[in-house]
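Peer 1: Next one to model:
(one chain, ligands or ions: 2)
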Amino acid sequence: MKTALITGITGQDGSYLAEHLLTLGYKVYGLVRRSSGNNLGRVSHLLDKVEIVYGDLQDMSSLITAIEKCKPDEIYNLAAQSFVGSSFTMPVLTSSVTGLGALNLFEAARLTKKDARIYQASSSEMFGKVRETPQTEMTPFHPRSPYGFAKVFAHFAAMNYRESYGMYICSGILFNHESPRRGEEFVTRKISMGVAKIKLGLSKEIQLGNLDAKRDWGFAGDYVKVMHLMLQQNEPEDFVIGMGQTHSIKEFLDAAFAEIGITDWAPYVKINPDFIRPAEVDILIADASNARKKLNWVPEFNFGDLVRMMVKSDIELLS
Ligand code: NAP
Ligand code: F7E
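Peer 2: Ligands and ions are numbered 1, 2, ... in the order given. Presented below is the predicted three-dimensional model:
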């Protein structure tokens, strides 16, 4: 039986990845940080199947203790301050957790379990002001937020630990992936939740920022499978993962409101300048042909399926 340690198990991806690895027969440990409230909501249904170890990416001794305890064959580093908007208001914390935190983990693994295979959650936000379209593994980075530059730091740290110490570390450069478990501050969930509230008469409007930005959106449940595949190759390699299709926020609104029979959503959407960022990533679109070819990765859910799933789930949740 293989053993995996997931940092960020309480997040969107961590919860889907834990389910996936349990299905594959893994012993799963999850690193959880201390909270004054309950941060185990997304994994509450798994608590009798996974083992929780307490620690924080900012505290290297807690990472060393966790790795010594779990002796993982595979480590999935999903923990991060992952919200781009908050990274502008908390740039130092974001750099500390999302950037230096990853380095703490690589160093802890180097010192205690150098042969563990490591997955690093890199991001399409590293491409930022894109230098070419679509983006591949070879596209240069030009991050546009503290979150983006913290991820670039972690990405290059992963590459250097691979090259300097021969460690098996892969970075998945994942484009936006969403689900009914997405945090409510992200635009897709904000829309699916807002549309559900409007449908149920609980709200009259959704307040948003820039509606012209375009993203390559997929389903998180599909994307965690590729994290596992990346750690099963003979040689470690970085991969771009996305659907290869881009949609604007307006197109997401079209599809979400269509689910409740509304074709003209303009009366329900207000622009609030508070949600416009100091710098924007205008358009992202992935060329994931390398992953499709080498990892045989085929996502099950397309853009329409995703929007339908999220709106339906939020209507059920609020009903
Ligand atoms: P998420 O829902 O925001 O989850 C983040 C996780 O990190 C949570 O479990 C959180 O714990 C944990 N965490 C935060 N600070 C921590 C710290 N100091 N020490 C230990 N744990 C900490 O993010 P996600 O959407 O699942 O994304 C997973 C990873 O993929 C992240 O690294 C993200 O940056 C990256 N990524 C995401 C996407 C996407 O579209 N979703 C795309 C590319 C890359 P709490 O529950 O206690 O807050
Ligand atoms: O914004 C625009 C916003 O916050 C998407 C994270 O998982 O994916 C995610 O980062 C777009 C941006 O995601 C609102 O300006 C308009 O252009 O849902 P988001 P993100 O910034 O793309 C990447 C790949 C990650 O790695 C990150 O961890 O939507 N937008 N109005 C808005 N965004 C939000 N949040 N709220 C609005 O009201």
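Peer 1: Which residue ranges of the stretch 51-200 of the chain form strands?
Peer 2: Counting by DSSP state E, counting those that start in this stretch, one finds strands in the stretch 51-200 of the chain at the ranges 51-54, 74-77, 117-123, 169-174, 177-178.
Peer 1: as a whole number, average confidence for the shortest one?
Peer 2: For strand 177-178, the mean per-residue pLDDT is 98.
Peer 1: could you check whether stretch 1-11 is close to ligand 1?
Peer 2: Yes: Stretch 1-11 reaches ligand 1 (CB under 6 Å from any ligand atom) through Thr7, Gly8, Thr10, Gly11. The C-beta positions use only the backbone N, C-alpha and C, and glycine is treated the same way.
Peer 1: Any buried residues in that stretch, and which?
Peer 2: Thr3, Ala4, Leu5, Ile6, Thr7, Gly8, Ile9, Thr10, Gly11 (16 or more other CB atoms under 10 Å).
Peer 1: How about stretch 79-99?
Peer 2: 79-87, 91, 94-99.
Peer 1: Also stretch 59-69?
Peer 2: Applying 16+ other CB under 10 Å to stretch 59-69 flags Met60, Ser62, Leu63, Ile64, Thr65, Ala66, Ile67 as buried.
Peer 1: Likewise for stretch 124-138?
Peer 2: Under the neighbour-count criterion of 16+ other CB under 10 Å, stretch 124-138 has Ser124, Glu125, Met126, Phe127, Gly128, Val130, Pro134, Gln135 buried.
Peer 1: Just the closest of these to Phe275, please.
Peer 2: Glu125 (16.9 Å; CB to CB).
Peer 1: list the contacts for the closest one?
Peer 2: Glu125 is in contact with Val84, Pro143, Arg144, Ser145, Tyr147, Gly148, Lys151, Val281, counting by CB atoms under 8 Å, 6 or more residues apart in numbering.
Peer 1: neighbour-wise, which of those leads?
Peer 2: Lys151 (29 neighbours; other CB atoms under 10 Å).
Peer 1: Quick one: the helices in this structure, in order.
Peer 2: For the chain, the helices defined by DSSP state H cover 12-23, 60-70, 84-89, 91-94, 101-112, 146-165, 187-199, 220-230, 249-258, 289-295, 303-318.
Peer 1: So which of these is nearest ligand 1?
Peer 2: helix 12-23 (3.5 Å; CB to the nearest ligand atom).
Peer 1: how about the closest one against ligand 2, any contact?
Peer 2: No: contact of helix 12-23 with ligand 2 (CB under 6 Å from any ligand atom) is absent, the minimum separation being 8.3 Å.
Peer 1: picking that back up, what would the buried residues of stretch 59-69 look like in JSON lines with pLDDT and distance to Glu259?
Peer 2: Shown next, in JSON lines, are the buried residues of stretch 59-69 (pLDDT from 0 to 100; distance: CB to CB, whole Å):
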{"residue": "Met60", "pLDDT": "98", "distance to Glu259": "46"}
{"residue": "Ser62", "pLDDT": "98", "distance to Glu259": "43"}
{"residue": "Leu63", "pLDDT": "98", "distance to Glu259": "43"}
{"residue": "Ile64", "pLDDT": "98", "distance to Glu259": "48"}
{"residue": "Thr65", "pLDDT": "98", "distance to Glu259": "47"}
{"residue": "Ala66", "pLDDT": "98", "distance to Glu259": "42"}
{"residue": "Ile67", "pLDDT": "98", "distance to Glu259": "44"}
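Peer 1: which of those residues lies closest to Met309?
Peer 2: Ala66 (33.4 Å).
Peer 1: Also near ligand 2: which of the buried residues of stretch 79-99, exactly?
Peer 2: Within the buried residues of stretch 79-99, those near ligand 2 by CB under 6 Å from any ligand atom are Ser82, Val84, Gly85.
Peer 1: out of these, which touch ligand 1?
Peer 2: Ser82.
Peer 1: contacting residues around Leu229?
Peer 2: Leu295, Asn296, Trp297.
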